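Visitor: no sequence on hand, only this structure:
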């Protein structure tokens, strides 16, 4: 079982991702796709006169401020535009894909964080009423039902809160939760860079491998900082949780999943 | 088994539809929801600077001109905004809903009509390159899989063409095809009027019943004209195909499905 997360940044070759996924599926490889849609959400939100706003948290991370209107735009792009584009491309390449959000069949359930701390003018403030949260439960029942019947599930945020509200949730973390819940061997993160870059955006600084047992050594500790912190720590947690390897790889190329499986990119094991 | 089509016009009480559907589902009634989203698609298309255009066909029917950009807006609204709104509301009312488009699992497959005849300035012209078509096959396998596992499917156009392209398709017809394919007893059409009106928009002119065996009599033939033609003929065809009754009813009220099942509206049998 392979879980592939396709990022939502500019430059993703959806056609190549779908062709590659469909060809693996036709060979009998069981896989689940999880996707994002952030850059297109920004564009649609701008066009609809509700431009995106981001909060910077005290730990330096950023997240999308998600009021109800933003949540609806998010759903239009993630569940409508991007999910159905991928399902259509997969069907075209012969894979019987089924697109689902975290709401469907309570696939991704989590805790809504109504009060979000953020930093503005050097001060920590609290934003209330946000529709965001983190995935805590994966309904593997529905996923296994579909996988055993031969379908290729294509998943996307939002998730469902315990109070049954749609919540914007981090797709990378959701993909890791899905991979862990399904006992996947490999988790692949495809984005618009060749993997984790020690010196972003210098693609020559690609980190080939992160051995989890050496994550505490200075060389690797340095990687788990700044913009890569969440990705590196998430991957380390996934591997410690039982995933054999996590690969960060390029989604701008032909056969992006097969290349990732062959080790092209950053391999965390 | 009941199939309920929820129209996409202004005034639909989605909250009431979801509450009613969930309460029936919790009583063990098997049901499938099918929904539209036309009025919201018009609004989003306007807002995105790609206003809706409609073609009038030689038989007097109208349809949405669907270029690729319109198809994507259609998917955003139908599969993103409306589908996930219904799924979220159903989950809130305790029904484990799963939202799906006709692309997912090849649920609704049909013929793309690339050349569409239309009338302009009194002349019949041909519009090419449209992404529209009619549903010819329903993949009951996926629907039965979900129904037997206890989920409440919520379906929406688009459908998938035989060439694996997403195509805009009429939701009323799709709902009838789904009802026939599943061998449903009752097919309910909910909209923003109390049923079929002999003298639209006079709600006092509600037609209580259309007996299929008397459809050839002048009183009923008169109903099967103009704007109601497709609805009446579609219902007659569904009943002849084995559906016990088709009910056209009001979606602006509380408990709209139960009222329809109790015969409030227009009953075709």
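Guide: Looks like it came in fine. Only a predicted model underlies this, so the values are computations on that prediction, with no experimental measurement involved. Numbering: from 1, shown residues only, chains lettered A, B, ... in the order given.
Visitor: the stretch 151-269 of chain A: strands as residue ranges?
Guide: A:152-156, A:159-161, A:166-167, A:186-191, A:209-210, A:245-250, A:266-268 (DSSP state E, counting those that start in this stretch).
Visitor: is chain B contacted by the third one?
Guide: I take that to be strand A:166-167. Yes - residues of strand A:166-167 are located near chain B by CB under 8 Å from any CB of the partner chain, namely residue A:166. For the C-beta atoms, the positions are set from N, CA and C on the backbone; glycine is no exception.
Visitor: note down every partner strand of that strand and its orientation.
Guide: strand A:159-161 (antiparallel) (DSSP bridges).
Visitor: near chain B, which residues of chain A are found?
Guide: A:44, A:47-49, A:72, A:75-81, A:83-85, A:87-88, A:91-92, A:96-101, A:103-106, A:141-142, A:145-146, A:149, A:151, A:158, A:160, A:164-166.
Visitor: ok, now which ones touch the residue in chain A that chain B sits nearest to?
Guide: Nearest residue of chain A to chain B: residue A:80, at 2.8 Å (CB to the nearest CB). Listed by CB atoms under 8 Å, 6 or more residues apart in numbering or on different chains, the contact set of residue A:80 reads B:75, B:76, B:77, B:78, B:79, B:80, B:81.
Visitor: between the residues you listed, which is nearest chain A?
Guide: Among those, and counting by CB to the nearest CB, the member closest to chain A is residue B:80, at 2.8 Å.
Visitor: can you tell me how far that closest one is from residue A:158?
Guide: Separation of residue B:80 from residue A:158 (CB to CB, to the nearest Å) stands at 10 Å.
Visitor: do the same with residue A:108
Guide: Taking CB to CB, one finds residue A:108 at 8 Å from residue A:158.
Visitor: with residue A:105 instead?
Guide: 14 Å.
Visitor: from the residues of chain A next to chain B, which would you call buried?
Guide: Buried by 16 or more other CB atoms under 10 Å in any protein chain shown: A:44, A:72, A:75-81, A:83-85, A:87-88, A:91-92, A:96-101, A:103-106, A:142, A:145-146, A:151, A:158, A:160, A:164-166, out of those.
Visitor: now, the residues you listed that are in helices?
Guide: Applying DSSP state H to these, the entries found in helices are A:44, A:72, A:75, A:83-85, A:87-88, A:91-92, A:142, A:145-146.
Visitor: these: which two are farthest apart?
Guide: A:44 and A:145 (32.2 Å; CB to CB).
Visitor: now do the shared contacts for residue A:108 and residue A:158.
Guide: Jointly contacting residue A:108 and residue A:158 under the rule CB under 8 Å, 6+ apart are A:101, A:102, A:169.
Visitor: pLDDT score for the first one?
Guide: Which is residue A:101. Each residue has a pLDDT score; the one for residue A:101 is 98.
Visitor: which one is it nearest to, not counting chain neighbours?
Guide: residue A:79 (4.8 Å; CB to CB, 6 or more residues apart in numbering or on different chains).
Visitor: contact partners for residue A:261?
Guide: Counting by CB under 8 Å, 6+ apart, the residues that residue A:261 touches are A:2, A:186, A:188, A:247.
Visitor: re earlier: mutual contacts of residue B:80 and residue A:158, please.
Guide: In contact with both residue B:80 and residue A:158: A:75, A:78, A:79, using CB under 8 Å, 6+ apart.
Visitor: redo the residues you listed as TSV? Include pLDDT.
Guide: Listed next are the shared contacts of residue B:80 and residue A:158 as TSV, based on pLDDT from 0 to 100:
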residue	pLDDT
A:75	98
A:78	98
A:79	98
